[in-house]
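Asks: below: sequence and its predicted model.
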Amino acid sequence: QVQLQESGPGLVKPSQTLSLTCTVSGGSITTNYFYWTWVRQPPGKGLEWIGYINNSDSTTYSPSLKSHISISRDTSKNQFTLPLSSVTPEDTAVYYCARWGGGKADSWGQGTQVTVSS
């Protein structure tokens with residue numbers, strides 16, 4: 001059974017770059033068919049899709065965020081990462097990584113809280 005675990009700083013100052021890592025166990029991120037995805041949930045709001053990377057290192061991003069993000073993979077560590085540059089307080093959210101395939105997310109990390117504040 002695949003498991004995902006997010007890691008990263010809990011607190012980031014405005015204008016800095018936030019870097020999150022998702023470590024995958026019980027399955028390989030080099031498996032075709034799946035999309036390795038980042039999603040976030042701001043306080044009091046619904047889930048917001050951020051973007052994904054697949055086994056061809058092809059990426060797709062939310063139009064509202066694509067100028068600030070660049071998802072990548074480290075296959076030797078079975079991880080994928082999300083750097084989010086020039087953060088503002090509006091980027092405060094719980095960030096989740098997920099494995100997406102067949103039109104749905106079948107595995108989720110537990111989420112990591114990120115607060116952007118000076």
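Replies: Now that the structure is in, tell me what you want to look at. Numbers count the residues shown, from 1 in each chain.
Asks: what does the pLDDT read for the most centrally placed residue in the chain?
Replies: What sits nearest the mean C-alpha location of the chain, by Cα atoms, centre = their mean, is residue 38, with 3.0 Å. At residue 38, the pLDDT value in this model is 98.
Asks: for it, name its beta-bridge partners.
Replies: Beta-bridge partners recorded for residue 38 (DSSP bridges): residue 51, residue 97.
Asks: which residue is the nearest non-sequential neighbour of residue 73?
Replies: Leaving aside its chain neighbours, residue 73 sits nearest to residue 80 (4.6 Å; criterion: Cβ to Cβ, 6 or more residues apart in numbering). Placement of C-beta: from N, CA and C, glycine included.
Asks: residue 109 is in contact with that neighbour, correct?
Replies: No: using Cβ atoms under 8 Å, residue 80 is not in contact with residue 109; the gap is 11.1 Å.
Asks: overlap in contacts, the two.
Replies: Shared contacts of residue 80 and residue 109 (Cβ atoms under 8 Å, 6 or more residues apart in numbering): 22, 97.
Asks: so residue 90, which of the three states?
Replies: Secondary structure, DSSP: H, G, I helix; E, B strand; the rest coil: residue 90 is helix.
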